[in-house]
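[1] Let's see this in three dimensions:
(one chain, ligands or ions: 1)
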Amino acid sequence: MKIAVIGAGYVGLTTAACLAQVGHEVFCSESDTGKLSKLQNGVMPLFEPDLATVVDDNREAGRLTFGSTEDAIDWGKAIFICVGTPPLPNGDADLSSIEAVSRSIAKRVKGYRLIVEKSTVPVQTGSQIRKHLAIHSTYGLDYDVASNPEFLREGSAVGDFLHPDRIVVGVESIRAAELMREIYEPIIEQKFVCPIHKNCGTAKENAFLVTDTNSAELIKHASNSFLAMKISFINMVSDLCEVVGADVSKVSQGMGLDPRIGNVFLNPGIGFGGFCFPKDVQAFIRIAEKSGCNFALLREVEKINQQRIVHFVDKVRKELWSIRGKKIAVLGLAFKPNTDDVRFAPSIPLIQTLIDEGAVVSVYDPEASSKAKELLPTIPYCGDPYEAAAGAEAILIVTEWDEFKTIDWKRLAGVVERRLIVDGRNIFNPPEVAAHGFHYISVGRLPALPESQV
Ligand SMILES: NC(=O)c1ccc[n+]([C@@H]2O[C@H](COP(=O)([O-])OP(=O)(O)OC[C@H]3O[C@@H](n4cnc5c(N)ncnc54)[C@H](O)[C@@H]3O)[C@@H](O)[C@H]2O)c1
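    Sure thing, here's the model as predicted:
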């Protein structure tokens, strides 16, 4: 099918490349001219594992083209809207980009289009789009609007898109349901050349869930809010573990053995970030408030998350006594490993707090430095963890990159001023760190003293 994808961000570019990979003819647009010209010249504007290969292969095969939004709208029978929906100051999702794309479609198109909202949007956005299209339709646009929330995770976006646990499709007509089914048929049947695996398993018939548009929109916000709640819950438990002398990793292991609870998303840390959980929880709270429903539970989820940075800095302060003038190395800027995304990453307010308290901060991240530089332009960005740690009185682990898990302890010990690690992601085993002569503070686990101090 001829498909237009509007917005070449983490979701749009993955959607465009993967839909081309499974056989569709895709035209992807991007309004940021810098990003667009990179894509047109074969340069990736973002880091996402496996995505560059899928983009390159499909561009070369003639199934993936980049250009303007107007050309994309003219091209696609189905138009996937993948623009950003950032939070407004009051927590509402900013839907102005969705509105602008809908208006362009209404003003340009003569004939039929299936308009697919893939961006995360508040419930009833589909019906707003329908209303908007009817008002602005200039040449007699015939349309369906479908909700198709995206569940991919940055860091494994290509695999998640091609092998999804679920494909949720919210529609109001049989025509829209059939077209959405046709688009996703190769993925449901798992019939495509997989760019990642040799053998990709069996068809995913049960993954295709058709609902009404309101329910599909709610599935996305409810899912992300539930996962955020799980993270805040275990963070709350980990605080108690620290006070009473228990090990949160054992507590979460024990909890996770119950299949009703499950063992994922039970890792404590310095809180959730990224372009989904913080803004989606906020938006969900606002939707509930406006609908007269009590979502105080989610307000607490947010509050616990905001306290994580404060709690983490308290630990650093307790160890260093005074932060002013001390050199502190921060390892990890991205909100999670395997991405360069720093939007709403805990690293940013953490570093800002340390700087405000007079610390001399140096940082290292394998992929996210150039994006972080736009937010924190004045700190030194180092080429490896050892350069960042040189002369440091504390090393803070902020993102759980694999590279940090295999650190060269001897080399690290040789460059630091003081052997202290404050780990916000629990990436090391306390006894292992202690064996290398480091004092190790992690989250919700008992501190390990270096052998010399035992
Ligand atoms: N990032 C994720 O992990 C993720 C996962 C699931 C859902 N989502 C949702 O998907 C949506 C997009 O997220 P993202 O992370 O890809 O955002 P992003 O900011 O990386 O990408 C959005 C892109 O759309 C472009 N854009 C805006 N208006 C445009 C227009 N009129 N024409 C063409 N391009 C336009 C922007 O320049 C930007 O490059 C959001 O609603 C987000 O909540 C994100």
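
[2] only C-alpha atoms for contact and neighbour calcs from this point on.
    Fine.

[3] Can you give me the neighbour number for the residue of the stretch 301-450 of the chain found nearest the ligand?
    Nearest residue of the stretch 301-450 of the chain to the ligand, counting by CA to the nearest ligand atom: Asp341, 8.4 Å away. Other residues near Asp341 come to 27 when the count uses other CA atoms under 10 Å.

[4] mind checking pLDDT for it?
    Predicted confidence (pLDDT) for Asp341: 97.

[5] what does the one 4 residues further on give?
    Confidence at Ala345, expressed as pLDDT, is 98.

[6] Next, count neighbours for it.
    So Ala345, with other CA under 10 Å, has 24 neighbours.

[7] what does Val264 give?
    Val264 - counted by other CA under 10 Å - has 12 other residues nearby.

[8] Spell out the secondary structure type for it.
    Following DSSP: H, G, I helix; E, B strand; the rest coil, the label given to Val264 is coil.

[9] which residues does it contact?
    Val264 makes contact with Gly256 under the criterion CA atoms under 8 Å, 6 or more residues apart in numbering.

[10] ok, it to Leu297 distance?
    Separation of Val264 from Leu297 (CA to CA, to the nearest Å) stands at 21 Å.

[11] same check, this time on Phe272
    On the measure of CA to CA, Phe272 and Leu297 end up 16 Å apart.

[12] Quick check: which element contains Met44?
    Met44 is part of no helix or strand, with elements assigned from DSSP states H and E.

[13] What about it, how many residues nearby?
    17.

[14] coming back round to it: among Phe272 and Leu297, which residue is more densely surrounded?
    Phe272 (22 against 10).

[15] Report whether that one is found in a helix, as I expect.
    No - applying three-state DSSP, one finds Phe272 to be coil, outside a helix.

[16] Surely it is in contact with Ile231?
    Yes - with contact defined as CA atoms under 8 Å, Phe272 counts as touching Ile231 (7.3 Å).

[17] If I look at Val454, what pLDDT would I see?
    47.

[18] ok now do the residue of the stretch 301-450 of the chain closest to the ligand, which residues does it touch?
    Contacts of Asp341 by CA under 8 Å, 6+ apart are Gly274, Ala334, Phe335, Ala368, Lys371.

[19] Restricting the selection to alpha carbons, write the helix or strand containing the last one to PDB.
    Under the criterion of DSSP H and E, Lys371 resides in helix 369-375. Extracted as PDB, the C-alpha positions of helix 369-375 are listed here (Å, rounded to 0.1, in the frame of the first residue of the first chain):
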ATOM      1  CA  SER A 369      26.400  13.700  24.400                       C
ATOM      2  CA  SER A 370      25.500  15.700  21.300                       C
ATOM      3  CA  LYS A 371      21.800  15.900  22.300                       C
ATOM      4  CA  ALA A 372      22.700  16.700  25.900                       C
ATOM      5  CA  LYS A 373      25.000  19.500  24.800                       C
ATOM      6  CA  GLU A 374      21.900  21.400  23.500                       C
ATOM      7  CA  LEU A 375      20.500  21.400  27.100                       C
END
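
[20] Quick check: buried residues in it?
    Ser369, Lys371, Ala372 (16 or more other CA atoms under 10 Å).

[21] can you check stretch 379-391 too?
    Buried residues in stretch 379-391 (16+ other CA under 10 Å): Tyr381, Cys382, Pro385, Tyr386, Glu387, Ala388, Ala389, Ala390, Gly391.

[22] which residues touch that stretch?
    327-331, 361-366, 369, 395, 404, 411-412, 415-418.

[23] Among those residues, name the ones in helices.
    Among the contacts of stretch 379-391, the ones falling in helices (DSSP state H) are Ser369, Phe404, Arg411, Leu412, Val415.

[24] Rebuild those residues as CSV, extending it with pLDDT and distance to Arg308.
    Putting those into CSV (pLDDT from 0 to 100; distance: CA to CA, whole Å) gives the following:
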residue, pLDDT, distance to Arg308
Ser369, 97, 23
Phe404, 98, 21
Arg411, 98, 30
Leu412, 98, 27
Val415, 98, 29
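
[25] of all these, which two lie farthest apart?
    Taking CA to CA, the two most distant members of these are Ser369 and Arg411; they sit 22.6 Å apart.

[26] What helices and strands are in contact with the helix ranked longest in the chain?
    Counting residues, the longest helix found in the chain (DSSP H) is helix 213-244. Here helix 213-244 touches strand 141-147, strand 167-170, helix 248-256, helix 277-290, helix 296-320, going by 3 or more CA pairs under 8 Å, 6 or more residues apart in numbering; DSSP states H and E.

[27] List the buried residues of that helix.
    213-221, 224-239, 241-242.

[28] and it with helix 248-256, angle?
    On the basis of axes from the mean of the first three to the mean of the last three CA atoms, to 10 degrees, helix 213-244 is oriented at 140 degrees to helix 248-256.

[29] could you give the mean pLDDT of helix 213-244?
    98.

[30] and it, does that touch the ligand?
    No - using CA under 6 Å from any ligand atom, we find that helix 213-244 stays clear of the ligand, coming within 8.4 Å at best.

[31] Next, the angle from that helix to strand 141-147.
    30 degrees.

[32] Can we start the residue count at 27 from this point?
    Sure thing, new numbering starts at 27, so read that last one as helix 239-270.

[33] Got the phi and psi for the closest residue to His162 other than its chain neighbours?
    Counting by CA to CA, 6 or more residues apart in numbering, His162 lies nearest to Ala132, which is 5.4 Å off, once chain neighbours are set aside. Backbone torsions of Ala132, given as degrees, to the nearest 10, read phi -60, psi -40.

[34] which residues does Ser251 contact?
    Phe303, Asp306, Val307, Phe310, Leu324.

[35] mind checking how far it is from Phe259?
    12 Å.

[36] so where do the strands sit in the stretch 77-226 of the chain?
    Taking DSSP state E, counting those that start in this stretch, the strands of the stretch 77-226 of the chain run over residues 90-93, 104-107, 137-143, 167-173, 193-196.

[37] Parallel or antiparallel, list what pairs with the second one.
    Using DSSP bridges, the strands paired with strand 104-107 are strand 28-32 (parallel), strand 137-143 (parallel).

[38] Give me the mean pLDDT for it.
    pLDDT averaged over strand 104-107 gives 98.

[39] same deal with the third one?
    Along strand 137-143, the predicted local confidence has a mean pLDDT of 98.

[40] for that strand, which positions count as buried?
    So, applying 16+ other CA under 10 Å, buried residues of strand 137-143: Arg139, Leu140, Ile141, Val142, Glu143.

[41] List just the nearest of the residues you listed to the ligand.
    Closest to the ligand, out of all of those and judged by CA to the nearest ligand atom, is Glu143, at 9.0 Å.
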